[in-house]
Structures are given as structure tokens and as C-alpha cells.
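**Student:** heads up, no residue letters with this:
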């Protein structure tokens, strides 16, 4: 039984599943992740009737994304995995966003995901769409928004908050959703794929979130009282 958690973007989501049976809790209330994650976890266990000792793996949206949200979700997942002595499997948040919109993107050949990283920068990645799911074309990266050149055309899907920024919202694409949020059920699906390929995750204390940005930059944002 896999537990999946994502707090790396504006939504807070948690899912539990095995063999196609999925229970999920989701909310997109901004800046409430720390208050929501524990009650959502308890509700999920109660509603599913699953004892937490039956969990075999915890999958977590590991970034890039909101620094505050990442630390909340990752710390919760890490602490739980450590307490239960089970592996922690890190999932790219940009890939999880693409997986969350997979059905809506049908008909396109490629999906580009991009978060607004603030400070004039963007987190982005690119994937091909196939019958088997997502095939990564470009790695997760942090680039200046001025250097960001997303694809255009009917075969391209564009997903993520970066596409609401000036200069990107009018791009012509087969599918565009700048308000899309990550679902923990997508993190769960990607975790199942990785496990099927033999990737079992890491010891909880050996896993780390993926920030992509240097530490002093996010400290500057926090000192300004902002949640990135």
C-alpha cells in the first residue's frame, strides 16, 4: 500500500492506493498546508479503513516548487517514513503536474510543465506523451523567464502557473491550463510506475527535496514574508 503526498505547489493533496484502488484528499487553500496535512492524513486512513502499519512506501512530490510547501510536505513524509521504517520515494513535482493533467492532454504529443519560480525565473520540464504515459524529454530546470521558450502548436500542451505570466498567457497551444494543480493520485501513479521498474526509494534520512535554487535566495524570499 502506497501513501502519496504533495504540498509542493498551491494545493495540498494526499492519496492512498494499491492495485487501482485510490483514496484521495485534496484542497487548494493557499498557505494552509501545515494545518491541513495531518488532519487530511487521519481522515484518509479512517475513510479507507487502512492501518498505517500496512503502508509499504511513501511517495512525495519532492520539487521543484514552493519552498515552504516543499518543506512541509517533505518533512511530513520523511518523518512518517522514518517512524514506520519504510522507504521514501521522491517524485518530480513537474512530472506529477504533467501526470495530473494527462487525460486532459490527450490528443497532444508533448506536454510542457512550468511553475512561476518568482524572482524572474521559472521551473520547467518537458515530456512526450505515449500510450504508456510520460516520456521525459528535458530535465527539471530553473531558468530566467526571459529565456523561456515554450513550444507552440496544436500538438503541444502547456500546464502550470508560469503560463499565466505576461508574455505566455496568449501562447497558442493544443491545451493550456495555467491554473492546474498537482494531485497526490498522480504522484501515486508515478510511484507505482517506478516501483514496477525496480526503483524502491531511499531510507527516509537519505532523501532530500529538490529546490534547484540556491539556499540564500529562498531565505531572502522568506525574510520578505512571502511563501514562494
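**Tutor:** Great, that's in hand. Predicted, not measured: the structure shown is a model, and the values here were computed from it.
**Student:** So what touches the strand of greatest length in the chain?
**Tutor:** What stands out as the longest strand in the chain, according to DSSP state E, is strand 133-144. Residues from elsewhere that reach strand 133-144, judged by Cβ atoms under 8 Å, 6 or more residues apart in numbering: 64, 92, 94-95, 98-99, 102, 110-111, 117, 120-129, 193, 210, 212-213. No exception for glycine: its C-beta is placed from N, CA and C like everyone else's.
**Student:** Please apply the same query to stretch 11-26.
**Tutor:** Under Cβ under 8 Å, 6+ apart, the answer for stretch 11-26 is 1-7, 27-29, 32-33, 36-37, 40-41, 43-45, 47-48, 50, 69, 73, 181-185, 187-188.
**Student:** What subset of those is buried?
**Tutor:** Buried members of these, counted by 16 or more other Cβ atoms under 10 Å: 1-7, 27, 33, 36-37, 40-41, 44-45, 48, 50, 69, 73, 181-185, 187-188.
**Student:** Can you list which of the contacts of stretch 11-26 are found in strands?
**Tutor:** Short answer: the contacts of stretch 11-26 in strands (DSSP E) are 2, 3, 4, 5, 6, 27.
**Student:** Surely the third one and residue 185 touch.
**Tutor:** Same thing as residue 4. Yes. Assessed by Cβ atoms under 8 Å, residue 4 is found in contact with residue 185 at 7.1 Å.
**Student:** Give me the residue ranges of this protein where confidence is low.
**Tutor:** By pLDDT under 70, the weakly predicted segments of the chain are 19, 214-228.
**Student:** what ranges do the strands span in this protein?
**Tutor:** For the chain, the strands defined by DSSP E cover 2-6, 12-18, 21-27, 57-61, 88-91, 110-116, 121-130, 133-144, 153-159, 173-177.
**Student:** how about stretch 89-103: buried residues?
**Tutor:** Result for stretch 89-103 [16+ other Cβ under 10 Å]: buried residues 89-102.
**Student:** Closest one to residue 161 out of these, please.
**Tutor:** residue 97 (9.5 Å; Cβ to Cβ).
**Student:** For residue 55, see how far away that closest one is.
**Tutor:** 24 Å (Cβ to Cβ, to the nearest Å).
**Student:** domains for this structure, by residue range?
**Tutor:** 2-93+182-223, 94-177 (automatic domain parsing).
**Student:** what's the straight distance from one end of the shortest one to the other?
**Tutor:** Right, the one you point to is domain 94-177. 14 Å (Cα to Cα, to the nearest Å).
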